[in-house]
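Asker: structure here, sequence nowhere to be found:
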């Protein structure tokens, strides 16, 4: 029934549950998950530093890719620039998307209004089924230092020693990414900001 499921993401905590829903649907129907992040252009694009937004967009789709790969789900990612709802609908048409899964809550303040507006327009204009998912989980791990502590404990449990922090931890879609180094080996640890659990990311 569904072969291609699209989950637009800006990396905000509100997309966490949307990503989970999209992956569950894709797994159920043996479908491919598409992760799309749109860097706004025009007046909306001037609200935040463009370099930061572009980096955030890249991290947002990488988060979906990491989750999908872990679950053995085919995944395609893209970052584009434009008016968010227009880009999302155009992508859906071009890629033969069968279902859209949207988070309806952005990061904070104005973002919440903008994300809500994008979701509303997509629901009205999309030619395929749209599933909207609202954030109901409460973020427990707000602090990067706490995420690092949990990551270090998890890595130590797996036998890694002499751990040092390789780069500043960052949170994308409700998950902290913590990159540590152990005897010259990089160790990526995902820390769930809601549950407080951590897992080592297997790398090829």
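Answerer: Now that the structure is in, tell me what you want to look at. As the structure is a computational prediction, the values presented were derived from the model and not from experiment. Numbers count the residues shown, from 1 in each chain.
Asker: contacts for the longest helix anywhere in the chain next, please.
Answerer: For the chain, the helix that runs over the most residues, judged by DSSP state H, is helix 50-70. For helix 50-70, contacts defined as Cβ atoms under 8 Å, 6 or more residues apart in numbering pick out 7, 9-11, 15, 19, 22-23, 26, 33, 35-40, 45, 74-75, 77-79, 170, 172-173, 175, 177, 190, 201-202. In this view, the C-beta of every residue, glycine as well, is placed from N, C-alpha and C.
Asker: cross those against helices and list the overlap.
Answerer: Short answer: these in helices (DSSP H) are 19, 22, 23, 26.
Asker: and which of those is nearest to residue 92?
Answerer: residue 22 (13.1 Å; Cβ to Cβ).
Asker: can you get me a residue count around the closest one?
Answerer: 31 (other Cβ atoms under 10 Å).
Asker: can you check the one 3 residues further on too?
Answerer: Around residue 25 sit 20 other residues, with neighbours defined as other Cβ under 10 Å.
Asker: and residue 82, how far is that from residue 100?
Answerer: For residue 82, the distance to residue 100 equals 17 Å [Cβ to Cβ, to the nearest Å].
Asker: of these two, who's got more company?
Answerer: The neighbour comparison of residue 82 against residue 100 (other Cβ under 10 Å) goes to residue 100, with 26 against 16.
Asker: checking my notes, that one in a helix, right?
Answerer: No: per DSSP: H, G, I helix; E, B strand; the rest coil, residue 100 lies outside any helix segment and is strand.
Asker: list the contacts for the closest residue to it other than its chain neighbours?
Answerer: Nearest non-adjacent residue to residue 100, counting by Cβ to Cβ, 6 or more residues apart in numbering: residue 130, 4.6 Å away. Residues in contact with residue 130, defined by Cβ under 8 Å, 6+ apart, are 99, 100, 101, 102, 122, 123.
Asker: which of these are buried?
Answerer: Buried subset of those (neighbour count, 16 or more other Cβ atoms under 10 Å): 99, 100, 101, 102, 122.
Asker: I figured the last one hits residue 91, correct?
Answerer: Right, the one you point to is residue 122. No: counting by Cβ atoms under 8 Å, residue 91 is not a contact partner of residue 122; they are 11.1 Å apart.
Asker: on that earlier part again, distance between the longest helix of the chain and the chain's centre?
Answerer: 6 Å (Cα atoms, centre = their mean, to the nearest Å).
Asker: ok, and for it, which residues are buried?
Answerer: Those would be 53, 56-68, for helix 50-70 by 16+ other Cβ under 10 Å.
Asker: that older thread, pLDDT and distance to residue 182 added to the buried ones among the contacts of residue 130, as JSON lines?
Answerer: Compiled in JSON lines, the buried ones among the contacts of residue 130 are given as follows (pLDDT from 0 to 100; distance: Cβ to Cβ, whole Å):
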{"residue": "99", "pLDDT": "97", "distance to residue 182": "41"}
{"residue": "100", "pLDDT": "96", "distance to residue 182": "41"}
{"residue": "101", "pLDDT": "95", "distance to residue 182": "37"}
{"residue": "102", "pLDDT": "90", "distance to residue 182": "39"}
{"residue": "122", "pLDDT": "91", "distance to residue 182": "44"}
